[in-house]
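J.: give me the fold of what follows.
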Amino acid sequence: MYKTLASLFIASSVLYAAEADPMAAVCDRLVAALEQEAEALESITEAGDISAPLAKVRESLAAQQELLAVDAGLLWQYIDNTEGVKQPIIDVLQRLALQFDRVEAAQFYGSAELCELLGPQVLATPATERANRAKREKLREIDHDE
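T.: Numbers count the residues shown, from 1 in each chain. Next up, the predicted model:
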């Protein structure tokens, strides 16, 4: 009987701790916002499909912007150190990356508004190009060292 009570006590403590951790709520909202953006982009298949998904992308980006108010260091620490949190984020980011490539290849389906909304996430800037070039050079150096 005591083992059952102890198990129930431990399980309820774990559930309470998960509910009490504000970073858990932030991660849930982050995944939900990224999922919403991915689903909206996946639903765009031609230029006439833009209006409804565009509203969903706007909502998702607004939700993501709100999440920037949290301490990024604490958020990444939570993501890195909490079992089962990182993989769902990686999965949805991979889905988003595929959709970004597809939408960019389709020239944003002729929508200037979609291009403007996704531009910061999709389009390369001189700074990102320099960073990507530096990463590729570093990878080549590592590859040649072996």
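J.: which positions in stretch 38-56 come out as buried?
T.: Of all the residues in stretch 38-56, those buried under the rule 16 or more other CB atoms under 10 Å are Ala38, Glu39, Ala40, Leu41, Ile44, Ile50, Pro53, Leu54. Just so you know, the C-beta spots here come from the backbone N, C-alpha and C atoms, and that holds for glycine as well.
J.: which intervals of this protein have sub-threshold pLDDT?
T.: Along the chain, segments meeting pLDDT under 70 span 1-20, 124-133, 135-136, 138-140, 142-146.
J.: still on that earlier bit, could I get the buried residues of stretch 38-56 as a markdown table with distance to Gln77 and secondary structure?
T.: Converted to a markdown table, the buried residues of stretch 38-56 look like this (distance: CB to CB, whole Å; DSSP: H, G, I helix; E, B strand; the rest coil):
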| residue | distance to Gln77 | secondary structure |
| --- | --- | --- |
| Ala38 | 25 | helix |
| Glu39 | 29 | helix |
| Ala40 | 30 | helix |
| Leu41 | 30 | helix |
| Ile44 | 35 | coil |
| Ile50 | 38 | coil |
| Pro53 | 34 | helix |
| Leu54 | 35 | helix |
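J.: determine which two of the residues you listed are furthest apart.
T.: Ala38 and Ile50 (16.2 Å; CB to CB).
J.: now do Arg58 against Gln64, distance only.
T.: Using CB to CB, to the nearest Å, Arg58 is found at 11 Å from Gln64.
J.: next up, the contacts around Leu96.
T.: Leu34, Glu37, Ala38, Leu41, Gln121 (CB atoms under 8 Å, 6 or more residues apart in numbering).
J.: any idea how far Gln107 lies from Thr45?
T.: Separation of Gln107 from Thr45 (CB to CB) stands at 14 Å.
J.: do I have it right that Lys86 meets Tyr78?
T.: No. Look at Lys86 against Tyr78 with CB atoms under 8 Å: they stay out of range, at 9.8 Å.
J.: between these two, which one's more packed in?
T.: Taking neighbours as other CB atoms under 10 Å, Lys86 and Tyr78 compare with Tyr78 leading, 19 against 15.
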